[in-house]
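Engineer: my questions are about this predicted structure, shown below with the sequence.
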Amino acid sequence: MFNFNNNKKENDLPQPDLQELFQRLEHLERKCHRMEARIAELEAQMAEKQAIPEQETTVEVEENAVGIGENASPEPSPITQHPSPITHHPTPNIHHPSPTTQHLFLAAPTPDGVFLQASETEQIGKSIYQLTTSDGQNGTFILLDTPDAIATAMISVSQFVKPACKVSGNTALQPRHIITEEEGAASREGTGWKITRKAVVHFE
């Protein structure tokens, strides 16, 4: 009975499962070894590829150095000519900041022809003119051809338009367009702009 029970306990142990696990472990170990060997091969290949460009660059540097040494004597003249074009570059750069054009929107001028109110953005119901200046001191202006500007200008042509413009066309009727035929001119005067030449506009 005793021996029979012992044999029964030994038969109950999952020996086939253990053997299968050992086989899997051996398989995984062999796979790991193969992967490690492959990684080592790849690392060796990468090291070779990195070494090749370094050798090529050193060869190119040596060749360039030889070329410079050979050509040093016959090419002094182009080297001496380089400073002259370089000295011309700063002059256009000095003029670049000044042509930055600025657009200002102006309300109606005073009776004596001065725009006192200027804004960088158009103000609906207030802006009638647009002035363009490149130096901040002198500029040209037009009468805006927008429905809002026309409506504002037509409130009083004599007060809002005639101090700054010479008008042609029928001013009695509401125009569809106001065409600036000749731009007016103005110069900075304090915080405002003094009209130096009236614009010529046509009501259509």
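Structural biologist: That came through fine. Numbers count the residues shown, from 1 in each chain.
Engineer: can you list the low-confidence ranges for this structure?
Structural biologist: 1-16, 52-99 (pLDDT under 70).
Engineer: the strands in it, which residues?
Structural biologist: 102-106, 114-115, 118-119, 129-133, 138-143, 165-168, 178-182, 184-189, 192-197, 199-203 (DSSP state E).
Engineer: let's have those in TSV, adding mean neighbour count and distance to Glu36.
Structural biologist: C-beta here means a position set from N, CA and C on the backbone, and glycine is covered the same way. Listed next are the strands of the chain as TSV, based on neighbours: other CB atoms under 10 Å; distance: least, CB to CB, whole Å:
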stretch	mean neighbour count	distance to Glu36
strand 102-106	18	70
strand 114-115	20	83
strand 118-119	15	74
strand 129-133	20	74
strand 138-143	21	78
strand 165-168	18	89
strand 178-182	17	83
strand 184-189	18	80
strand 192-197	18	82
strand 199-203	20	86
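Engineer: among those, which comes closest to Arg38?
Structural biologist: strand 102-106 (67.7 Å; CB to CB).
Engineer: and the strands of the chain as a markdown table, adding distance to Lys31?
Structural biologist: Formatted as a markdown table, these follow (distance: least, CB to CB, whole Å):
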| stretch | distance to Lys31 |
| --- | --- |
| strand 102-106 | 73 |
| strand 114-115 | 86 |
| strand 118-119 | 77 |
| strand 129-133 | 77 |
| strand 138-143 | 81 |
| strand 165-168 | 91 |
| strand 178-182 | 84 |
| strand 184-189 | 84 |
| strand 192-197 | 85 |
| strand 199-203 | 88 |
